[in-house]
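**Student:** need a 3D model of the following:
(one chain, ligands or ions: 1)
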Amino acid sequence: MDGHPTYKLIVAVTEDWAIGKDGGMLIRNPADLKRFKELTTGHTVIMGRRTLESLPGGRALPNRANIVLTRTGEADVDGYAVARGLKEAKALVSASEDVAYVIGGEAVYRSLLPCVDECLVTMHHVRRPDADTWFPDLDAIEGWTIARKDAGGVTPDGVKFDYLTYVRE
Ligand SMILES: NC(=O)c1ccc[n+]([C@@H]2O[C@H](COP(=O)([O-])OP(=O)(O)OC[C@H]3O[C@@H](n4cnc5c(N)ncnc54)[C@H](OP(=O)(O)O)[C@@H]3O)[C@@H](O)[C@H]2O)c1
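**Tutor:** Presented below is the predicted three-dimensional model:
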């Protein structure tokens, strides 16, 4: 590894820990997207190839160093660096970076959770058993605890949500 940044993970879930369906997000939440942008701008973001494809125009996020994990995809195009595995992804994080954000999707969350110190979870108070991608239930994994809970609000479609910060005990 080049540097020693803190790895944080940021995810939007439902109460049953669903995160996506048909390659897209489950819940429309502009306030959460704004917060995501504020938190991650100026930092490194690490994502899977499918999440890159789900972004507007399939393009990297502006004003952030983008690292895309893919075993099969083409190399470094359109403002992102490609990593073929976790070791390579970590090596690509700049030594001067203080925090790198893991931004999904399911495959990448599951792979990088052991490297992460903090999970910033937007918890939507609804259940979505129809989802096809999921986050591990942090309440069921020993070692993770909620350090902070901030009131979120209500989405335009009427879903209540909160911001939870999980840390390792
Ligand atoms: N709710 C949220 O906060 C949130 C956030 C992000 C994404 N999502 C949702 O999550 C879903 C996508 O999740 P997903 O699990 O299907 O896809 P993903 O994690 O975004 O991407 C999976 C792909 O990443 C590559 N990859 C993963 N691990 C790798 C490794 N260790 N080494 C090299 N390459 C690796 C592979 O690409 P190749 O196949 O190219 O080899 C794999 O097919 C979408 O519905 C998206 O909207 C939700």
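**Student:** residue 88: neighbour count?
**Tutor:** Neighbourhood size, residue 88 [other CB atoms under 10 Å]: 13. C-betas here are computed from N, CA, C, even on glycine.
**Student:** give me the most central residue, this structure.
**Tutor:** Computing the C-alpha centroid of the chain and ranking residues by CA atoms, centre = their mean puts residue 103 first, at 2.1 Å.
**Student:** isn't that one right next to residue 52, touching?
**Tutor:** No - applying CB atoms under 8 Å, one finds residue 103 not in contact with residue 52, separated by 9.9 Å.
**Student:** about what we covered before: could you measure the residue nearest to the centre of the chain against residue 149, distance?
**Tutor:** According to CB to CB, to the nearest Å, residue 103 and residue 149 sit 21 Å apart.
**Student:** what's the lengthiest helix in the chain packed up against?
**Tutor:** Longest helix of the chain, by residue count under DSSP state H: helix 30-40. Helix 30-40 sits against strand 6-14, strand 118-124, strand 144-154, with contacts defined as 3 or more CB pairs under 8 Å, 6 or more residues apart in numbering; DSSP states H and E.
**Student:** swap the cut-off to 7 Å and go again
**Tutor:** Applying 3 or more CB pairs under 7 Å, 6 or more residues apart in numbering; DSSP states H and E, we find helix 30-40 packed against strand 6-14.
**Student:** what about the strand it packs on, near the ligand?
**Tutor:** Yes - part of strand 6-14 sits near the ligand under the criterion CB under 6 Å from any ligand atom, namely 11-12.
**Student:** what pairs with that strand, parallel or antiparallel?
**Tutor:** strand 99-102 (parallel), strand 118-124 (parallel) (DSSP bridges).
**Student:** can you name the next helix or strand after the last one?
**Tutor:** Scanning the chain past strand 118-124 towards its C-terminal end, the next helix or strand to appear is strand 133-134 (assignment: DSSP states H and E).
**Student:** show me what the mean pLDDT comes to for that following strand.
**Tutor:** The average pLDDT within strand 133-134 is 98.
**Student:** just stretch 89-107 next, same as before
**Tutor:** Averaging pLDDT along stretch 89-107 gives 93.
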